[in-house]
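Chemist: predicted model, plus sequence, below.
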Amino acid sequence: KSMGLGEMLGVKNIKIETKTPMTLEEFFDKIKDVTFEAGVPSIVKHGFNTVICFPKIDRENQIWITGDKGKFTVMRSTIIAGLGESIKNQIASDVLDAVTDGAATMFSQLGSPKKTCMALCDKVADTIKSLDL
């Protein structure tokens with residue numbers, strides 16, 4: 001599959017629509033206990049917005065989910081949200097490395113963090129779509 005211009009520039013936005021309208025908080029309640037390759041999602045206030053974010057990949061790559069009313073977007077963000085969550089996420093990342101014998105960290109180092117983040121956006125979106133919400 002060829003990359004569009006947006007993807008070459010590092011832009012990744014995947015639209016997801018739920019069967020019934022729901023808020024971001026309701027959406028988070030439905031996905032918070034799902035196992036994602038990208039880690040454990042958190043819901044955080046970021047400025048005036050609330051976003052669902054996954055553990056940061058590095059200081060400029062993180063997966064966010066934004067949206068409302070059943071229309072959500074899984075995206076690569078170059079801004080890191082939930083810095084208060086980052087300690088918890090770092091612990092989760094360390095646990096993941098211990099459990100996977102370092103494979104999780106190794107995976108993020110195969111190729112650039114941007115490529116890893118974009119690939120994980122696809123995996124997060126696919127996992128959510130498979131829930132058939």
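Modeler: That came in fine, so what should we check first?

Chemist: now the host helix or strand of residue 27: buried residues?
Modeler: Assigned by DSSP states H and E, residue 27 belongs to helix 24-31. Within helix 24-31, the residues that count as buried by 16 or more other Cβ atoms under 10 Å are 24, 27-28, 31. To be clear about C-beta, it is placed using only N, CA and C from the backbone, and glycine gets the same treatment.

Chemist: repeat that for stretch 33-53.
Modeler: Applying 16+ other Cβ under 10 Å to stretch 33-53 flags 36, 38-44, 46, 50-53 as buried.

Chemist: surely residue 56 forms part of a strand?
Modeler: No. Using DSSP: H, G, I helix; E, B strand; the rest coil, the secondary structure at residue 56 is coil, not a strand.

Chemist: which residues in this protein form strands?
Modeler: 13-17, 42-46, 49-53, 62-68, 71-77 (DSSP state E).

Chemist: beta partners of the closest residue to residue 117 other than its chain neighbours?
Modeler: Leaving aside its sequence neighbours, residue 117 sits nearest to residue 61 (Cβ to Cβ, 6 or more residues apart in numbering; 3.9 Å). Taking DSSP bridges as the rule, residue 61 bridges to residue 58.

Chemist: which residues sit in contact with residue 61?
Modeler: The contact partners of residue 61, by Cβ atoms under 8 Å, 6 or more residues apart in numbering, come to 76-78, 113-114, 116-117.

Chemist: so what's the closest residue in space to residue 49 that isn't next to it in sequence bridging to?
Modeler: Once flanking residues are discounted, residue 49 sits nearest to residue 66: 7.0 Å by Cβ to Cβ, 6+ apart. Judged by DSSP bridges, the bridge partners of residue 66 are residue 73.

Chemist: pLDDT below threshold where in the chain?
Modeler: 1-9, 83-111 (pLDDT under 70).

Chemist: repeat the analysis, applying 80 as the threshold.
Modeler: Filtered on pLDDT under 80, the chain yields the residue ranges 1-11, 47, 82-111.
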